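A.B. asks: Based on what follows, work out the 3D shape:
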Amino acid sequence: MSPWLLALAAGLIIVLVQYGWRDLRAGWAVGAAALLRLVAITLLMALLLDAPSGPAKPVTNWAALDVSASMARGDTSLWRAARDSIAHVAAESVFAFGDSTRRADSASATRPNDAASLLRPAVERALGAGHPLTVVTDGELDDPEAVRALPAGSRIIAMRRALTKDVGLASIDVPRAIVSGDTVEAHVGIVAGNSGAKGGTITLSIDGRAFATQQIDSLPPFGERTVAVRARVEGPAGPAVLRAIVASGGDMEPRNDTVSIAVDLSRAPSAVFVSTSPDFDARYALAVLRGALGIPTRGFFRVAPGEWRVEGALTPIPEADVRQAVKEAPVAILHGDTAAFGPPRATTLGPLALIVTSPTEGEWYPSAAPPSPLAPALSGFMWDSLPPLALTPAPPQGTWQGMEARRGRGEERRAVLVGTDEPRRVVIVGASGLWRWRFRGGAASDAFTALWGSIFDWLAAERADRRAAVPDERVVRAGDPVRWRRGSTTDSLVTIALRRRGSTRVDSMPLHFSAGANIVETRPLAAGLYDVTTRGGAALLVVNASREWLPRSPRVQSGLVRGTVSADSAPRLRAGAWGWAYALAILLLCAEWIMRRRRGMR
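C.D. replies: Down below sits the predicted model:
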């Protein structure tokens, strides 16, 4: 009742200030008026403090049932046990949570088929109403940190899953664009269940045609491993579905045994990347060329004098074949010793990028992007956050400068990136150490991708991917937002058409790219294969089964979250049912005014 004590103290102070001790002793009429003022002021202050208007009532309990698909993974025994547990909870209201939170009023709302396990919306609803929450879950939450925000008196009931053998495929990583006939290396991520997984095989297929098989060893409980599968990929030009399938003895859950992605097959490379001194700069720039831009590329590395290897497969190749590939390349990128095959401009007739890697001493910090064909992509860089570079002894020469750097923190400036438009497009990068941008992550990593992406896109011109927007994530899963990357267009609004294979319905979806952003997210899609049509061409979008089917270790445990209920559940004076308090305060003030006037007081 401390709000009432504060209100009474405030009323006494105001009455004493207004009436004074002498007036209060003047007679019973003045005393009665002062008493009316005391009651009125106390009531007004209590309304201001929203003081309780009655005794506290017991706080009722709420319950929330996890209805994510993981509750039915393997068999239905865990789900049946969870239903029995929630039935024995004395709760005023029961909610179902997963990819959304809703009342569990119907059987459809309590089916374990949600594509996510998000507890926070249920926690926020309980916090807003002031009710403790009993959560029944398998413990495999996407946001376990939300447990710390549960109201006082809440409880977690984490159901224990029976021990079973299970293996699932979590990811697959291959180049976005592949030249048909090339050897590629796919990195497949596998995970095991709570009882581990036996050994087995991983099979890769392209549009249903198997082309590689790899043996895998057994895994311990909740073990994770990345398996490299190297094989030759062949197929007709165009979008294709690359699928990985795992087979293991005693596997209990078949719905997590497959992961698929979309790739673009090409009959010939659009770019040839040659490095005489392979390093992180070469590796990451080549990844941008193949990944972000989706340009079919072949790479060649010199690992020793006169010894060349095909990037990826690392198979030997004669130097004469490398020289011929550079000569015929639609776009050529020479890294390291750019004069390894003679004068670089005489080596090939197409657009050319020269990346020189003979640095001088000292550190040079990127500082500006002068007006150039690349300026739109480089203008948004946070220059102060970029790591330093090592520049070549002689500054590169060109008709325009794309990026400048200054020595240390001084004023000496030099060109890092220059280019020439005529008679053909040539870009010269006179720096090494750009890989540090990628290593730092965040804005620096985005700057690395934007820099090389703008260089290669400008060189490739019409040979680059001309689609207005393409899926950005390599592995897309049901329940996750779909990320789209802006392609060749500079428009802020791109419209795509989606049609799910097996359906005649076509959905139109607008993509709004904000200023300076190249990525936008849209709502999650159901698992399946989607044909994407947009300005500039078509693409495939493969949506895999929800990650809820993948085995995961529990991230929360059973028990009380916080002590006993401490919320004040008493009814409040400002609630709608207590409107008489406002009327009474007004009546008391009016009665006091009448009595003061009769005594001749103001």
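A.B. asks: Nearest the middle, which residue of this protein would you pick?
C.D. replies: P481 (8.3 Å; Cα atoms, centre = their mean).
A.B. asks: how near is that residue to L525?
C.D. replies: Per Cβ to Cβ, to the nearest Å, P481 is found 9 Å from L525. Bear in mind the C-beta positions are built from the backbone N, C-alpha and C, glycine included.
A.B. asks: Just confirm the residue nearest to the centre of the chain contacts V520, I think it does.
C.D. replies: No: using Cβ atoms under 8 Å, P481 is not in contact with V520, being 9.6 Å away.
A.B. asks: Just confirm D281 contacts R438, I think it does.
C.D. replies: No: with contacts counted by Cβ under 8 Å, D281 stays clear of R438, the gap being 9.1 Å.
A.B. asks: what does the domain assignment say about this structure?
C.D. replies: 2-55+571-598, 62-163+552-560, 167-266, 271-463, 477-544 (automatic domain parsing).
A.B. asks: Spit out the contact partners of the residue nearest to the centre of the chain.
C.D. replies: P481 is in contact with E521, T522, R523, P524, counting by Cβ atoms under 8 Å, 6 or more residues apart in numbering.
A.B. asks: can you rerun that using 6 Å?
C.D. replies: E521, P524 (Cβ atoms under 6 Å, 6 or more residues apart in numbering).
A.B. asks: swap in the one 4 residues further on?
C.D. replies: Under the criterion of Cβ under 6 Å, 6+ apart, the neighbours of R485 are V470, D472, N518, I519.
A.B. asks: Check which helix or strand the spatially closest residue to the first one that is not a sequence neighbour maps to.
C.D. replies: Distances taken as Cβ to Cβ, 6 or more residues apart in numbering place A539 nearest to V470, at 5.2 Å, with adjacent residues excluded. Counting by DSSP states H and E, the element that carries A539 is strand 537-544.
A.B. asks: Check which strands are paired with that strand and give the direction for each one.
C.D. replies: strand 476-477 (parallel), strand 528-534 (antiparallel) (DSSP bridges).
A.B. asks: Can you name the residues that contact the closest residue to T392 other than its chain neighbours?
C.D. replies: By the measure of Cβ to Cβ, 6+ apart, the closest residue to T392 outside its immediate chain neighbours is G430, 4.2 Å from it. By Cβ under 6 Å, 6+ apart, the residues touching G430 are V356, L391, T392, P396.
A.B. asks: any idea which of those residues is closest to W549?
C.D. replies: V356 (49.4 Å; Cβ to Cβ).
A.B. asks: In the stretch 451-600 of the chain, mark out all the strands, start to finish.
C.D. replies: Along the stretch 451-600 of the chain, counting by DSSP state E, counting those that start in this stretch, strands occupy 469-471, 476-477, 482-486, 493-500, 506-512, 519-522, 528-534, 537-544, 559-560.
A.B. asks: tell me the mean pLDDT over the second one?
C.D. replies: Think strand 476-477. Strand 476-477 shows a mean pLDDT of 94.
A.B. asks: And the third one, by the same measure?
C.D. replies: Taken as a whole, strand 482-486 carries a mean pLDDT of 88.
A.B. asks: now swap in the last one and tell me
C.D. replies: Per-region confidence: strand 559-560 scores 84 on mean pLDDT.
A.B. asks: Tell me if I'm right that P239 and L540 touch.
C.D. replies: Yes: under the criterion of Cβ atoms under 6 Å, P239 makes contact with L540 at 4.2 Å.
A.B. asks: So, low pLDDT: which residues of the stretch 501-602 of the chain?
C.D. replies: 516, 562-572, 574-579, 599-602 (pLDDT under 70).
A.B. asks: Likewise for the stretch 51-200 of the chain?
C.D. replies: 54-58, 107-109.
A.B. asks: got the CA coordinates for the strand holding A539 in PDB?
C.D. replies: Taking Å, rounded to 0.1, in the frame of the first residue of the first chain, the C-alpha atoms of strand 537-544 are listed here in PDB:
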ATOM      1  CA  GLY A 537      16.300 -14.200 -67.600                       C
ATOM      2  CA  ALA A 538      15.100 -17.100 -65.500                       C
ATOM      3  CA  ALA A 539      16.500 -18.900 -62.400                       C
ATOM      4  CA  LEU A 540      15.700 -21.800 -60.100                       C
ATOM      5  CA  LEU A 541      14.900 -21.500 -56.400                       C
ATOM      6  CA  VAL A 542      15.200 -24.700 -54.400                       C
ATOM      7  CA  VAL A 543      13.600 -24.600 -50.900                       C
ATOM      8  CA  ASN A 544      14.700 -27.500 -48.700                       C
END
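A.B. asks: How about residues contacting it?
C.D. replies: So strand 537-544 is contacted by 239, 241, 259-262, 467, 470-471, 476-478, 525, 527-530, 532 (Cβ under 6 Å, 6+ apart).
A.B. asks: Just the angle for that strand relative to strand 493-500, thanks.
C.D. replies: Orientation check (axes from the mean of the first three to the mean of the last three Cα atoms, to 10 degrees): strand 537-544 against strand 493-500 gives 60 degrees.
A.B. asks: residues of strand 537-544 that come out buried?
C.D. replies: G537, A539, L540, L541, V542, V543, N544 (16 or more other Cβ atoms under 10 Å).
A.B. asks: Could you pull out the helices in the stretch 51-200 of the chain for me?
C.D. replies: Taking DSSP state H, counting those that start in this stretch, the helices of the stretch 51-200 of the chain run over residues 77-87, 120-129.
A.B. asks: Pick the most buried one from these.
C.D. replies: Across the helices of the stretch 51-200 of the chain, averaging neighbours per residue (mean count of other Cβ atoms under 10 Å) puts helix 120-129 on top, at a mean of 18.
A.B. asks: quick one: contacts of it?
C.D. replies: W62, A64, F95, F97, T101, L133, D143, A146, A149, L150, P151.
A.B. asks: shouldn't the second one be in contact with T134?
C.D. replies: In this case it means A64. No: counting by Cβ under 6 Å, A64 sits too far from T134 to count as a contact (7.2 Å).
A.B. asks: Compare those two and say which is more crowded by neighbours.
C.D. replies: The neighbour count for A64 versus T134, taken as other Cβ atoms under 10 Å, is higher for A64 (28 against 24).
A.B. asks: For the more buried one, give the beta-bridge partners.
C.D. replies: F95, V135.
A.B. asks: so H335 sits right up against A282, yeah?
C.D. replies: Yes: proximity of H335 to A282 meets the contact threshold set by Cβ under 6 Å, at 4.9 Å.
A.B. asks: Next, work out how far apart G128 and W62 are.
C.D. replies: 11 Å.
A.B. asks: about what we covered before: so what's in contact with P239 and L540 at the same time?
C.D. replies: A262.
A.B. asks: Against which helices or strands is the host helix or strand of R406 packed?
C.D. replies: Here R406 is covered by strand 400-407, with elements defined by DSSP H and E. With contacts defined as 3 or more Cβ pairs under 6 Å, 6 or more residues apart in numbering; DSSP states H and E, the packing partners of strand 400-407 are strand 364-368, strand 413-420.
A.B. asks: can you put those strands in TSV and add distance to G139, mean pLDDT and mean neighbour count?
C.D. replies: Output for those, formatted as TSV (distance: least, Cβ to Cβ, whole Å; pLDDT from 0 to 100; neighbours: other Cβ atoms under 10 Å):
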stretch	distance to G139	mean pLDDT	mean neighbour count
strand 364-368	47	90	19
strand 413-420	51	91	20
